[in-house]
Structures are given as structure tokens and as C-alpha cells.
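Asks: Sequence and predicted structure are below.
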Amino acid sequence: MRAPFASLKRLILASIACVLGAAALTFAVDPLQLFRPARLLAAGYSEDTRVQNAGLIRSQSFDTAFMGTSLAIHFRQSDIDSALGVRSLKLAMTGSNSRQQGFVLAQAIDHGARRVIWAMDDFSFIDAADIEADPYLSVDLYRRTAKGIASYLFNATMAKESLFELFRSIPPLRQTLTKVAPYLPVKFALSDVDDIYALPRNFDVTGTYNAGRTLVSFAYITDPARSRFLGEGYGTDAMVRHFEHDAVALITRHPDVSFDIYFPPYSILQWVAMRDASPATLKIVYDVTAHIAQRLTLLPNVRLHDFRAIRDVTHDLDNYTDVIHHSPVVDAKILTWLARGEYRVDPNSPLASLEELKVQVEAYRVPKP
């Protein structure tokens, strides 16, 4: 009888040793750079931004945080720095809501951001889970609580990533593994922080962003079988409440931080889709963004820019791959506008650009494909 128990004991001890060894490996390599910047080993970066941002905030040197949803995800930090004369940290997260954005920005401010550039989408204020209960973003990881650290160290995926980073740091293997990393089942495949969710330099812009794709997208979202989704999650009271809690509260808590906030230049078809297929949603968006504009222009540390009614951009459907996502060409224009202070909302007439947008939306007629 003793032999089976002895074998079980050895198995348990071996399992504990493996778990502790994996945790020690993750701590030593620290693929997320949660404890220290990468120095001895080659750094790796992931496009899982909700996780990666926790490490970037701790490991990178920056004075400016860049936040947004998928409309801001393809900006390169080097382009932001060059255009605005800052040291930026891109923290944009695809599909993120204002709870997530406000929380991550608060962490960045606590770690040195003195300026925030915030692409503020109206749909980021739709109702969602409280940040403490958010299943997609670990507040404990960002805060480095015992629970967050344990979830990081005792994680088989992180142990695998650590082993890969260890091998990639061996000089004879470095070049080969760095080259093939994007094709391997590893998360931290990028070797340059500037490449996180950035389009390749040789990306086929015209093949991806063109009027044909934009019109197809418009037809898809306005189809009666799907048009109800245009207003999913939208509600004036909830959106205003989240804006006040997630944005205004953050801004007023940090009067020494400057906020450059802008409404992104959706294509005109986004607004026309709501006009034709979900007019109640269009009214909600108008009302919510009117409230946002009036509130933000009263805050002394905010500069609000409205890019939604720039006809040369928003009516040129070749700038888009669907009805909202604009091309890198427009990314560059946005940085230029911000650098020059163009299209800034006048606190004395905070609704002027919104009224111009309303006129354009009412008059627009959809071209035939």
C-alpha cells in the first residue's frame, strides 16, 4: 500500500515543482514587462492590448497617453511623437468602452502622462459592466494586486511565452525566431513597440480602403434584417451617465493634465445609415454628443476637436474600409489637425460643428454602387 502513496506523493511534489518552476521562469523573463523593462532579454509585445497595456504603462517612458477604440488602433507612436513633439504611449483598445478607457488612462496618468489624446467615439459610452466586474480587462493585473500577480505568474500561457522569449534572446536564434514569431502560436510576437496593432509600412491601403467596400458595408448594416443593431446599447441617460463618470470625473481629478479630445471623422454613411434605418439612434447620438461638447468646452484643461463634418474627408468614401474605419491617410491628417489646433470646438458656440454635421446628413444622397 505504501508504494502507490509514495508514487502519488512524488507526483504531487513534481507537479508543485513544475508549477513553481514555471512561475519562476515567468517572473525572471517577465514577458509582459510588468515588473521591469526588458534589458537582458529581447522584448516582445502582444496585440492583446487589454493585457499588453498593463505592461506598457509600467515599462515604457512617456509623457502622453493616446487612447481610443479601433478607430485609433493603427496609429504609430513614432508618428504621434513626430507630429506632436511628445513621447507617446498608444493605449487604444479595439471595441473598448469608456469604463475600460477611463481606467487605463488613470493608470497611465499615475505613471507619468501629463497629456492625454483621446479619440472619443459615441458608442464607447454604451452601457456595460462596471470596471471591477469587467471580464475582458483585469484591474488586478494593472494594479499589481496579489490576485493579479498570481494570475500572471501561475499562467501556463505566460510560461510558454517566457520560454519563447528566452530562446529568442539566444544570439544564434534571435534573427530567425524574430522573423517567424508572427506565424507561431505565441502572443508576444512583435519585437518593436511601434508595431503594436500598426499596419505594415507596405500595406495595400487602396485595396483595403475604397468606396466599393464602404458602400458594401453601408448596404450590409442598413439591411432590414440587421439594421436594428445600429442602435444596440444606445440610450441617452446611460451614455451621459458613463460619460460623466468615466471621462469628466477623470478629467476633473487631474487638472494638471491636458486633454486633447476629438470626435473621429466617421464617413458620412455612418450618419446616413442611422438617418435611414435607425433615426431614433441618430437622435440619441446627436443629443449625447451635444452634451459632451457643452460639458468638455467648460473644462479648462480640455481642448475639444470635432472632425465629423470635414466634408473633404468624410464624403470621400475611398478613405474608408467600412462606414467608420478610416485609412492611415486620415490618421496622418488627424495628427496634423491636432498639431495645428484645427477644428477646435469654440467654447462660445460648442454646437456649431454638430449643426453643420446635421445639415450634411440631411442633404446627403447615397451614390449607387
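Replies: That came through fine.

Asks: if I look at residue 225, how far off is residue 188?
Replies: Residue 225 sits 40 Å away from residue 188, taking Cβ to Cβ, to the nearest Å as the criterion. From N, CA and C alone the C-beta is placed, and that goes for glycine too.

Asks: Ok, residue 7 next?
Replies: The separation that residue 7 has from residue 188, given Cβ to Cβ, amounts to 37 Å.

Asks: And for residue 170?
Replies: For residue 170, the distance to residue 188 - Cβ to Cβ - is 16 Å.

Asks: same thing with residue 200?
Replies: For residue 200, the distance to residue 188 equals 18 Å [Cβ to Cβ].

Asks: between these two, which one's more packed in?
Replies: Neighbours were counted for residue 200 and for residue 188 using other Cβ atoms under 10 Å; residue 188 has more, 27 against 7.

Asks: Dihedrals phi and psi, the nearest residue to that one once chain neighbours are set aside?
Replies: Excluding the flanking residues, the one nearest residue 188 by Cβ to Cβ, 6 or more residues apart in numbering is residue 44, at 3.3 Å. When read as degrees, to the nearest 10, the backbone of residue 44 gives phi -130, psi 150.

Asks: Residue 44 and residue 22, how far apart?
Replies: Distance, residue 44 to residue 22, using Cβ to Cβ: 17 Å.

Asks: Looking at those two, which one has more neighbours?
Replies: For residue 44 versus residue 22, neighbours defined as other Cβ under 10 Å are more numerous around residue 44 (27 against 19).

Asks: right, and the more buried one touches residue 163 too?
Replies: No: assessed by Cβ atoms under 8 Å, residue 44 is found out of contact with residue 163, at 11.7 Å.

Asks: Let me see the residues that make contact with stretch 355-366.
Replies: Residues outside stretch 355-366 that contact it (Cβ atoms under 8 Å, 6 or more residues apart in numbering): 215, 218, 268-269, 271-272, 275, 282, 286, 308-309, 311, 314-315.

Asks: Actually, stretch 81-88.
Replies: Here stretch 81-88 makes contact (Cβ under 8 Å, 6+ apart) with 61-66, 77, 80, 115, 117, 332, 335-336, 338-339.

Asks: So which bits of the helix or strand where residue 4 lies are buried?
Replies: Assessed by DSSP states H and E, residue 4 sits inside helix 2-29. Neighbour counts over helix 2-29 (16 or more other Cβ atoms under 10 Å) mark 22-23, 25-26, 29 as buried.

Asks: all strands for the chain, in order.
Replies: In the chain, the strands defined using DSSP state E lie at 64-67, 88-90, 115-119, 258-263, 302-306.

Asks: what's the closest of those strands to residue 35?
Replies: Between residue 35 and those, the shortest gap by Cβ to Cβ is with strand 88-90, which sits at 17.9 Å.
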